[in-house]
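Participant: Give the three-dimensional model of this entry:
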Amino acid sequence: MRIAICENNAAGATQLCGWIEQYCKLYWIPADLECFLSPMAFSSHEGHFNIVYLCFGGNTGIYQARQLRECDPDCRIILVDDTQEFVIQGMRLHCTDFILRPVEFRHIVRSMNLALNR
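Facilitator: Sure thing, here's the model as predicted:
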C-alpha cells in the first residue's frame, strides 16, 4: 500500500509519518510512505497512492484534492486543516476523512480505519 503525506511543515510531516508507520505496524499492514513538503512536489509525483493525507490547508489543499480526485477516483483522501472552513468542500470531493488540527494518534487510527474500511 502506498501512502502519501503532503505537509508544508517538516516537523508535522515527520510526526504524521511516525504515527502512520506505528498504525501500520500495529495492524500488520505493509506500507510504503512518501512525504511531500510542497504542493509542487506532490503535483509532480508519478504513480498511484492508495491513501493521501493532504495537510497543505486552505484552498491549496482543496485544489490538490480536486486534482487528485479527477486523476484517481479510487484514492482515499484525508484532509487535514486548522479550520473547519473546507469540510463541506472536502465532503463534496468524497474525501474519506477530515482531521481538524491539532492531530493526535487517535485521529490517524480513525482515518486509517475509514480508509481501509475497517
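Participant: lowest-confidence helix or strand of this protein?
Facilitator: helix 87-92 (a mean of 89; mean pLDDT, DSSP states H and E).
Participant: what's around the closest residue to residue 76 other than its chain neighbours, how many residues?
Facilitator: Sequence neighbours aside, residue 115 is the residue nearest to residue 76 in space, at 3.9 Å (criterion: Cβ to Cβ, 6 or more residues apart in numbering). (C-beta placed from N, C-alpha, C; glycine too.) Look at residue 115: counted by other Cβ atoms under 10 Å, it has 20 neighbours.
Participant: do the same with residue 118
Facilitator: 9.
Participant: who touches it in this structure?
Facilitator: Residue 118 makes contacts with residue 112, as judged by Cβ atoms under 8 Å, 6 or more residues apart in numbering.
Participant: Could you check how far it is from residue 96?
Facilitator: 12 Å (Cβ to Cβ, to the nearest Å).
Participant: quick one on the thing from earlier: helices or strands next to the following helix or strand past the least confident helix or strand of the chain in the packing?
Facilitator: Sequence-wise, the next helix or strand downstream of helix 87-92 (DSSP states H and E) is strand 97-100. The helices and strands touching strand 97-100, judged by 3 or more Cβ pairs under 8 Å, 6 or more residues apart in numbering; DSSP states H and E, are strand 76-81, helix 87-92, helix 105-115.
Participant: returning to what we had before: buried by neighbour count: which residues of the least confident helix or strand of the chain qualify?
Facilitator: 89, 90 (16 or more other Cβ atoms under 10 Å).
Participant: Run through who's touching it.
Facilitator: Counting by Cβ under 8 Å, 6+ apart, residues outside helix 87-92 touching it are 62, 65, 77, 79, 98.
Participant: what sits opposite the fourth one in the beta ladder?
Facilitator: Same thing as residue 79. residue 54, residue 98 (DSSP bridges).
Participant: what's the distance between residue 24 and residue 109?
Facilitator: 11 Å.
Participant: Residue 61 too?
Facilitator: In terms of Cβ to Cβ, residue 61 sits 21 Å off from residue 109.
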